[in-house]
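**Q** Predicted model and sequence follow; I will ask about them next.
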Amino acid sequence: MPAGQKVALFFRMLYLFLFILTALWLFLYSFLDIIGIDPSFLVLIGLDPVFDPSLFDFTQVLSIIEYLMLLVQGIIGGLAALTFSILAVLINSVSTVPFISDMANADYLSVFSTIQELSNPSNNFFPHSTITNPATIIEDFGNFLGATTILTLMPITFLSGLGFLKDGDTKLAIYSFLGFQIIIIIAIFTEKILISTSIDSSNIFTMIFSPLFFMGFMLYLLLEIAFQTSYTLNILEPMTEREKRIKKHLKRIRTYVPVSEEAETKAQEAGVKSVQSTKFGLLASSYLREMVERRVFKSGEEVIDSKSMMRLQSYLTNLNQTDPLTDQKLAAKTAQPDTSALIKHFIPTMIIRVIAVVFLSYIIMSPQGIIDVFFARAFPALQQSLELSQPEFRTIAILNITLIFILISVILHYLSSGRTGKVLLRVVQQIDTLVDFERSTKPIQTPGDAGEEEEKEEEGAPTDAEEDIS
Amino acid sequence: MLSSRGAFIAIGGILLLSIGLSAKGIGTVTTMVPILFGGAGLIQQTEGNQTAGYPAGMEFLGIFEILNSSPIVDYGMFLGTILLLASVIGLPIFRLSSNTSLIKVTRTVDREKAFAGEYVHVTVKVENTGKRRMDFLEIYDAIPDMFEIVLGENFIITQLSGKEVKQFSYIIKVSTRGVYKIGPVKVIIHDRLGFYFEEDVRHFYTEILCYPSYEDIRRMEALSKRRQQGKMFGAHRTKQKGMGDDFHALAKYYPGAPFKSLDWKAFGKTGELMVREFEAEKNIRLVVFLDHSGSMGAGIPYNTKLDFAIRSVMLVMKMAEERQDLAGLITFADRPTSYLPPGGGKSSFFQLLEILALVEPQGRSDPLAAVDYVMQRLPRASFYIFITDLESSDSEIFTEAAKRARSTKNNITVISPFGPLFETKITDLTTTERAIAEAIFEEYLGYRKQVEDRLRGLGVEIINVGPDDILPNVIKTYMQGKKAGKGSV
């Protein structure tokens, strides 16, 4: 197995291992429950229909539909009554118009009385009030919806992860990640989560190892590894495949032997003598020759006829004589990425990234420590603020930190693009012109001199092509 | 720049943050509702199992009570923060290391001129002039649609260490004549995770001049060799006696006749001294007028009237070169565009190839200007072969051009590609389409008839051709002209 494929396999296995671990941690409750192992370390409580059939009782759907319909009926009835009262007032206001004035018998007070009536749940506009336990219906339906969604998402999430392993398509890893997230959020919402949901943010380690955060962190890690795996697969597999494919093509071209017409004719002469068979023999041999030619490049490649093939064969031979590295260049062998470097850089890069991300997240989630250390003297009020633990503060902090990163990157890009150098050079040239007495007092050049100078410049100047290339 | 993957992660982060914030908000609302609606004007339902505190119709808010003390807020915010930071944290380092201007790309080709159907080997060299490693680099070398990659690929996906150089190559097949440019080159740098990218398009090009296909000539040469008959179309004899190789007749001996020409067998039979006479071979002066006006571009792509005309010109010029005739070419549209004076030799053939490679259908046709141009430079009587569809100008101009050419005893033959035959095959059409096509044919023929009548009156021969017979007709015209000694030197 080529080194590229080995590395790709290594990354795939790594992802698979972590993926299965996470999935089991999430979904194994029912299984462990059956075989009698204490599953309290798992994330989700049992969602097995066998153990809790009430979760999947479809009559709850009917109840909630009935409730919603009565609610809508009440709203529509209320709005209709209100509209009627407003219309009556409008008609009354145009009562000077003949005929219409007869129709108007309502007054402004009717609007207010309707509104008052609407706010009284015991009136006719609230038929849903006949239902005795709406809160229970809503709660049961919430549980039903949550359990059904989780059970639907489970196979999708799992298959997306496996699909990523097969195809290396990052989208599938992202789908899998999102599936996990939705499952956890629904589980928290419907109280189907088993692990402790309390978060201790007194220090970075207690925060990370709070079971719920650890779960989230594990999922992020899985996504990060998926991206690293995807990078490896994207960079290694196409190049390895390309090398193999082109080498195969080169071999086919080099070993190609055309079916000569003479050989074909001889074969026909030696064959069956009857008129019919000779006739079909000609057709058959022509057909066979075409088939042989078509087999040179199989599906997915352009079918090259015999003549072009022979020409290509001799062309390749000539190329190899002039440049022995032609085959390697065609197969892009020299462009293959260094597999050892891939593994060597993978672990430190990922560790540094993850540490940086988690550390910054901790600062945002629990900013008290940083405020105490750096801003206590400057902003004592901020240190005492209760807002520090509020989501609004965290949002502002995230926004700022994100913008700082973007700003730094913009500055670095500007600096590395060499524009500063050009600007500096221009400024220096301007100053130079101002202070260089000799140049500034130089007599005006005659056209001949200017022409000579231009010629000199042209000689020294790079061509357009060179400029473009550099 | 953030890639779609990076944007996806960032948006995912924002979404999770929003979920956290929304959960917090909804939790707060569920706390506030009973307080807000607990006052006068609202009657609280306290009976049965209904939640105390929520007004009728708002019981559904009870389900969100959990959000008040739920970890969804913290979880959403934590994971959202992680994702958002993950999407931007590598950006400064990426910006620092991945500068596309540090990537130097050069392209070389093994030949800049090729015949249609031949191959060109393109090598692309990529160099990282910087010191930092580029983890994920994509290089795409654009090729024109006319080119077909037969081996290799015109892109690479790789990584480049500082100062490292990598090469890749591919072989393309040039399919049709013309001048084509390979390029530009697109350089894309990604980070390892594919969150960011920077791309740059390098506008440098390599020009490939593609001559018309040599296939017809090659076929002709191959056929000649196989049949062992000298040249394909025989000995191009004239009826004049001379010093050729082919026997003409026996004649009575005359003083001064070469001794070697005596036929001893005839002497034995008749008792008189007889000499063998041979047919003479004469070189002719030939000028091909190639019309490349807009209408010559009509037809099936790559098999237009002009494409066939060019193939014919190549073939006839090659034959003339081999037979040491003086053959010249003028291409014209609304004015003469290029002129190759009658001459010989390989260099003139390559000049011819370049002219034909660059010919494009354009404008109207002015044969009169072309005739004037040639007559000013070539005052002697020659054999003019016009290849024109007679469509892009008035018949008077053709007549005038023919008059002018005939005035100095030039022989003229017009090979005229018949438009409709190049555009469709009548057998492929439905009955209705065929009826329409036949009507168009009739109209064309009517116009042609007028032009032909006028030109024939001036001693101009006109041959209407289709895609199947244009090549044989051009060759036949040349051979017959040579045989008849048209434009003899």
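**A** On my side now, so go ahead.

**Q** What is the end-to-end distance of stretch B:275-288?
**A** In stretch B:275-288, first residue to last residue: 40 Å (Cα to Cα, to the nearest Å).

**Q** so does the helix or strand harbouring A:K251 get close to chain B?
**A** A:K251 belongs to helix A:211-254 when assigned by DSSP states H and E. Yes: using Cβ under 8 Å from any Cβ of the partner chain, a contact is recorded between helix A:211-254 and chain B, made by A:212-213, A:216-217, A:219-220, A:224, A:227-228, A:230-231, A:234-235, A:238-239, A:242, A:246, A:249-250, A:253. Every C-beta, even on glycine, is put in place using the N, C-alpha and C of the backbone.

**Q** again, but for stretch A:143-150
**A** No: judged by Cβ under 8 Å from any Cβ, stretch A:143-150 stays clear of chain B, getting no closer than 9.8 Å.

**Q** helix/strand/coil for the spatially closest residue to A:E139 that is not a sequence neighbour?
**A** Excluding its sequence neighbours, the residue lying closest to A:E139 (Cβ to Cβ, 6 or more residues apart in numbering or on different chains) is B:I63, at 6.1 Å. Recorded secondary structure, B:I63: helix (DSSP: H, G, I helix; E, B strand; the rest coil).

**Q** What is the burial count for B:I63?
**A** Residues contacting B:I63 under the criterion other Cβ atoms under 10 Å in any protein chain shown number 19.

**Q** dump the residue contacts of it.
**A** Listed by Cβ atoms under 8 Å, 6 or more residues apart in numbering or on different chains, the contact partners of B:I63 are A:138-139, A:142.

**Q** could the residues you listed go into JSON lines alongside neighbour count, secondary structure and distance to A:T197?
**A** Formatted as JSON lines, the entries for those read as follows, by neighbours: other Cβ atoms under 10 Å in any protein chain shown; DSSP: H, G, I helix; E, B strand; the rest coil; distance: Cβ to Cβ, whole Å:
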{"residue": "A:I138", "neighbour count": "21", "secondary structure": "helix", "distance to A:T197": "22"}
{"residue": "A:E139", "neighbour count": "18", "secondary structure": "helix", "distance to A:T197": "19"}
{"residue": "A:G142", "neighbour count": "21", "secondary structure": "helix", "distance to A:T197": "18"}
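
**Q** JSON lines please, covering these and showing pLDDT.
**A** Supplementary listing: those in JSON lines, determined by pLDDT from 0 to 100:
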{"residue": "A:I138", "pLDDT": "76"}
{"residue": "A:E139", "pLDDT": "76"}
{"residue": "A:G142", "pLDDT": "77"}
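
**Q** Among the residues you listed, which one sits closest to A:L87?
**A** For the contacts of B:I63, the closest approach to A:L87 (Cβ to Cβ) belongs to A:I138, at 35.2 Å.

**Q** Need the buried ones from the residues of helix A:211-254 next to chain B selected in PyMOL.
**A** Restricted to buried positions by 16 or more other Cβ atoms under 10 Å in any protein chain shown, the PyMOL selection for the residues of helix A:211-254 next to chain B reads:
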select buried, chain A and resi 212+213+216+217+219+220+224+227+228+230+231+234+235+238+239+242+246+249+250+253
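
**Q** What parts of the stretch 251-400 of chain A come near chain B?
**A** A:253, A:302, A:304, A:308, A:311-312, A:315-316, A:319, A:322, A:326, A:329-332, A:334-338, A:341-342, A:345, A:349, A:353, A:356-358, A:360-361, A:364-365, A:391-392, A:394-395, A:398.

**Q** List the ones among the residues you listed that fall in helices.
**A** Among these, the residues falling in helices (DSSP state H) are A:253, A:308, A:311-312, A:315-316, A:319, A:322, A:326, A:329-330, A:341-342, A:345, A:349, A:353, A:356-358, A:360-361, A:364-365, A:391-392, A:394-395, A:398.

**Q** Return the members of the residues you listed classed as buried.
**A** With neighbours counted using 16+ other Cβ under 10 Å, these contain these buried positions: A:253, A:308, A:311-312, A:315-316, A:319, A:326, A:329-330, A:342, A:345, A:349, A:353, A:357-358, A:360-361, A:364-365, A:391, A:394-395, A:398.

**Q** any low-confidence regions in the chain?
**A** Defaulting to chain A. In the predicted model of chain A, residues A:1-4, A:27-58, A:91-132, A:134, A:194-195, A:259-305, A:418-421, A:433-470 satisfy pLDDT under 70.

**Q** look at chain B instead
**A** Along chain B, the parts satisfying pLDDT under 70 run over B:37-60, B:69, B:222-247, B:279-281, B:344-346, B:392-393, B:425-427.

**Q** change it to 50
**A** Low-confidence regions of chain B, defined here as pLDDT under 50, cover residues B:39-52, B:228-240.

**Q** So which residues of it form helices?
**A** Residue ranges of the helices in chain B, as given by DSSP H, are B:4-36, B:72-88, B:91-97, B:215-227, B:264-270, B:305-322, B:346-358, B:367-377, B:395-406, B:419-423, B:431-457, B:470-483.
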